[in-house]
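[1] need coordinates for the following:
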Amino acid sequence: MRSRLVLSERGIEVVAQFTCPMRHITQTYNFLIDTGSSSSYLGWEDAAKAGIKVEELPSSSKPIFGFGGAADVKHLKEPCFLHVRFEGNTLETVELPDGILAYRPSRRKTTHWRSGPSVSLLGRDFLRMSGWKLIADLPRQEAYLERP
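    Numbers count the residues shown, from 1 in each chain. Coordinates of the predicted model:
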């Protein structure tokens, strides 16, 4: 069973519904699948759009660094869920029992890079927890998640 992904300028994207029952949150986001990231993150703006007061969340114990520099990282610790639509209009759910991290790119300005809006990412932890395979066939311009 497969879930079609979108190949965009930003990368490989999956549309997923994010829910956090303890906070009464249900939002749909375009997540980038980032196999270079060990963890999944909500972008700061996406978290704020869901009504999460990100500044009030506890800081994450592990900092993150990327091409744009360091980032502020907060931890939404309540269990969350991601719901992804598969063929046949089947909705599959992945539990994030330890919640999800929220990040804001560094605010420091440099001569070459500007901080743009953050994006929400699904990292290797998501692929591991879901048990799904990521298939990217770029010559055919198709990508999908495959459920065993």
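
[2] residue 5 and residue 85, how far apart?
    Going from residue 5 to residue 85 by CB to CB, to the nearest Å gives 11 Å. C-beta here means a position set from N, CA and C on the backbone, and glycine is covered the same way.

[3] of these two, which one has the most company?
    residue 5 (21 against 15; other CB atoms under 10 Å).

[4] just give the nearest non-adjacent residue to that one, would you?
    What sits nearest to residue 5 in space, not counting adjacent residues and going by CB to CB, 6 or more residues apart in numbering, is residue 143, at 4.1 Å.

[5] got the contact list for the one you found?
    By CB atoms under 8 Å, 6 or more residues apart in numbering, the residues touching residue 143 are 4-7, 12, 134-137.

[6] for residue 30, same thing?
    Contacts for residue 30 (CB under 8 Å, 6+ apart) come out as 6, 13-15, 120.

[7] between those, which sits nearest residue 130?
    Ranked by distance to residue 130 (CB to CB), the contacts of residue 30 are led by residue 14 at 10.6 Å.
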